[in-house]
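1. compute the structure for the input listed below.
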Amino acid sequence: MTISRLLHSTVRLSLLSVAFGAFSPIDAWSQESSTAYNFLNLPSSTLTYGLGGINITSIEDDINSIDQNPSLLGPEVEMQLGVNYMRYIGESNFAGVKFGRRAGEHGAWMAGVQYFGYGTIKGADVNGILTGDFSPKDMVLSATYSHDISDYWRGGATLKYIYSSYDSYTAMAIATDLGVNYYDPERNVSFSAVIANLGGQVKRFDRRYDRLPVDIRLGISKSFGSLPVIWSVTAWNLTKWHLPFYDNGDGSTSSTPVIKDKFGSNLMRHLVFAADFVPSEKFHIGIGYNYKTRTDMSTYKRSFLSGFSACAGLNIRNFGVGIALSQPHNGATTIMLNLSTKLYEF
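-> Model (predicted):
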């Protein structure tokens, strides 16, 4: 095994276990490791993060909320700037910025950059001799365009350039998200379909080719009666039915892990449930439940709140502020912040 191959494998394992293993929409490395670039599934929106980590149907005029479905972008983002920040596991910090403008009466475009930093990791060669510290990082540059197909339908596409740097080794990839959304404001129903992360590597770390986490997602959101609550169900990981996981029982040393691969558990691990309470245009508070997060975290010392996430948002004059929280397991409390403003109002 070459030193580059060993370093690449070691870094990927460290990043997946530390940075990705404890977040709802990302496959825990101990149970799923067939793809790389799983940070592409990490939302930059507090609304999405609080609604279970995967949501493609929530209709908001906040530019930060358009991160998993390009067809949610519309002319209402005219001259809007959004900034996001996430304090993650250990020394990991994620941040990004987006800017959007309308393109005529029925279209809009958006450009953004997202940075994923994982702190400092000790490097070593094939013999285990330390070679010094390094700071692995990933970066995504994106461009999105959407257009109204009819009064109720809108389509959109996002092109993403992905750059990864782990010590002296780099890789690049190109991906695209394709989405379509149906929205009826009178019945307050939203339905979406998305093909996410369609693409591949254009430069490898070494001879090994890493696959992108291509996914097909369906979602629906709807409110009922006069109650200002929008209920959402999102189905993801639809490219594969079987999502087995290990149940460690009570977690003691005498417990024998048992693999779970029944119809009910597979179905639930494909679904994310959410409720968003929106009493006015200036405030909302939401909660989400991701069963896959909870079952993935059975490998670790999960908390009672594992699988749940929450968010809140407030609009004050020209600014929008959002916050989201999640605790996948006892050793990890994550927090995300969003800020947005409409520049034309200054």
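2. from here on, just use CA atoms for contacts and neighbour counts.
-> OK.
3. which of the helices and strands in the chain ranks last by mean pLDDT?
-> Least confident helix or strand of the chain, by mean pLDDT, DSSP states H and E, is helix 3-15 with a mean of 36.
4. which helix or strand lies directly C-terminal to that one?
-> helix 46-50 (DSSP states H and E).
5. contact partners of that next one?
-> Applying Cα atoms under 8 Å, 6 or more residues apart in numbering, the contact partners of helix 46-50 are 43, 54-55, 64-65, 286-288, 309-313, 322-326, 336-338.
6. any regions of this structure where pLDDT drops low?
-> The chain contains residues with pLDDT under 70 at 1-35, 249-255, 298-303, 330-331, 345-346.
7. roughly how far apart are the residue nearest the centre of it and Y115?
-> Centroid-nearest residue in the chain, with Cα atoms, centre = their mean: L42, separated by 2.5 Å. According to Cα to Cα, to the nearest Å, L42 and Y115 sit 11 Å apart.
8. so where do the helices sit in the stretch 201-346 of the chain?
-> Using DSSP state H, counting those that start in this stretch, the helices of the stretch 201-346 of the chain run over residues 263-268, 291-296.
9. nearest to T158, of those?
-> Closest of the helices of the stretch 201-346 of the chain to T158 is helix 291-296, at 26.3 Å (criterion: Cα to Cα).
10. stretch 277-289: end-to-end distance?
-> Note: stretch 277-289 ends 15 Å apart using Cα to Cα.
11. pick the most buried one from the helices of the stretch 201-346 of the chain.
-> helix 291-296 (a mean of 25; mean count of other Cα atoms under 10 Å).
12. what's opposite the nearest residue to L271 once chain neighbours are set aside in the beta bridge?
-> Nearest non-adjacent residue to L271, counting by Cα to Cα, 6 or more residues apart in numbering: A235, 4.7 Å away. In this structure, A235 bridges to L218, L271 when assessed by DSSP bridges.
13. burial check on A235, number of neighbours?
-> 21 (other Cα atoms under 10 Å).
14. correct me, but it touches L218?
-> Yes - with contacts counted by Cα atoms under 8 Å, A235 reaches L218, the gap being 5.2 Å.
15. what sits against V202?
-> Contacts of V202 (Cα under 8 Å, 6+ apart): A171, M172, A173, I174.
16. got a ChimeraX select line for the buried ones in those residues?
-> To isolate the buried members of the contacts of V202 in ChimeraX, using 16 or more other Cα atoms under 10 Å:
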select :171,172,173,174
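17. among the contacts of V202, which ones are in strands?
-> The strands, defined by DSSP state E, take in A171, M172, A173, I174 from the contacts of V202.
18. not counting sequence-adjacent ones, nearest residue to Y209?
-> Among residues not flanking Y209 along the chain, Q201 sits closest, at 7.3 Å (Cα to Cα, 6+ apart).
19. wait, what's in contact with the one you found?
-> Per Cα under 8 Å, 6+ apart, neighbours of Q201: A171, M172, A173, I174, Y209, D210, R211, L212.
20. tell me the one of these nearest Y145?
-> Nearest to Y145 among these is I174, at 16.4 Å by Cα to Cα.
21. tell me how far that closest one lies from V140.
-> Counting by Cα to Cα, the separation of I174 from V140 is 10 Å.
22. overlap in contacts of those two?
-> The overlap between the contact sets of I174 and V140 (Cα under 8 Å, 6+ apart) consists of K160, Y161, I162.
23. who touches the helix or strand where the second one lies?
-> In this case it means Y161. Using DSSP H and E, the element containing Y161 is strand 153-166. Contacts with strand 153-166, where a contact means Cα under 8 Å, 6+ apart, come from 8, 11, 69-73, 134-149, 170-183.
24. let's go with 7 Å and repeat that
-> Applying Cα atoms under 7 Å, 6 or more residues apart in numbering, the external contacts of strand 153-166 come out as 70-71, 135-149, 170-183.
25. drop anything exposed from those.
-> Neighbour-count burial (16+ other Cα under 10 Å) applied to those gives 70-71, 136-148, 170-183.
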